[in-house]
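Q: Structure, please.
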Amino acid sequence: MNDKHDRGRTTEALALDYLARQGLRLLAQNWSCRSGELDLVMLDGDTVVFVEVRYRRHAGWGGAAASIDGRKQQRLIKAAELFLQKESRWARHPCRFDVVALDTSGPIREHHWIRNAFDS
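A: Coordinates of the predicted model:
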C-alpha cells in the first residue's frame, strides 16, 4: 500500500462516518465495475446516493470539490447505471450524486458535503 492509497481509504472512512452521523445508511463501499469505482453508495431516506469522496492537501487549483471534471462525472454516472442494473432492488428509487470533499490546510480537517453535486 502506498501513502496516497492509505490516505484515500482514511478519507473515505471519515466521510462514511460523517454521513452516517447525518442519517445516511451504507449500501456499498468501493463498488467496482469496468467503468470505475463508486466510493460510497448510501441511502438517504429512500434516495440512493452515489458519493464521490475527494481529498486534497492544498486548496490550490480549486480544492477537492473542483477536481471532479466532466469526464469524471461521466464515469461516475456510468458506474451508477451499472450498479443499479446489478442491484436492481434500488433501481426504482430516486438517485443523486453527492461529493464529500475534504480539504486540509494545517491541522484542521473540514468536510464539504455537496448534495446534488451534478446531474446525470
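
Q: Tell me the pLDDT of the residue most central in space within the chain.
A: With distances taken as CA atoms, centre = their mean, the chain has Glu52 as the residue nearest its mean C-alpha position (1.8 Å). You'll see Glu52 listed with a pLDDT of 95.

Q: How about Gly8, nearest residue that isn't a chain neighbour?
A: Distances taken as CB to CB, 6 or more residues apart in numbering place Tyr55 nearest to Gly8, at 6.7 Å, with adjacent residues excluded. Every residue, glycine included, has its C-beta placed from N, CA and C.

Q: if we can go back for a sec, the residue nearest to the centre of the chain: what's it in contact with?
A: Taking CB atoms under 8 Å, 6 or more residues apart in numbering as the contact definition, Glu52 lies against 38-39, 68, 72, 76, 97-100, 117.

Q: Swap in 10 Å and give it another go.
A: For Glu52, the contact set (CB atoms under 10 Å, 6 or more residues apart in numbering) comprises 15, 37-40, 64-65, 67-68, 72-73, 75-76, 79, 97-101, 114, 117-118.

Q: what does Leu16 give?
A: Leu16 neighbours (CB under 10 Å, 6+ apart): 24, 26, 29, 39-40, 42, 51, 53, 100.

Q: What of Trp113?
A: By CB under 10 Å, 6+ apart, the residues touching Trp113 are 15, 18-19, 22, 24, 51, 98-101.
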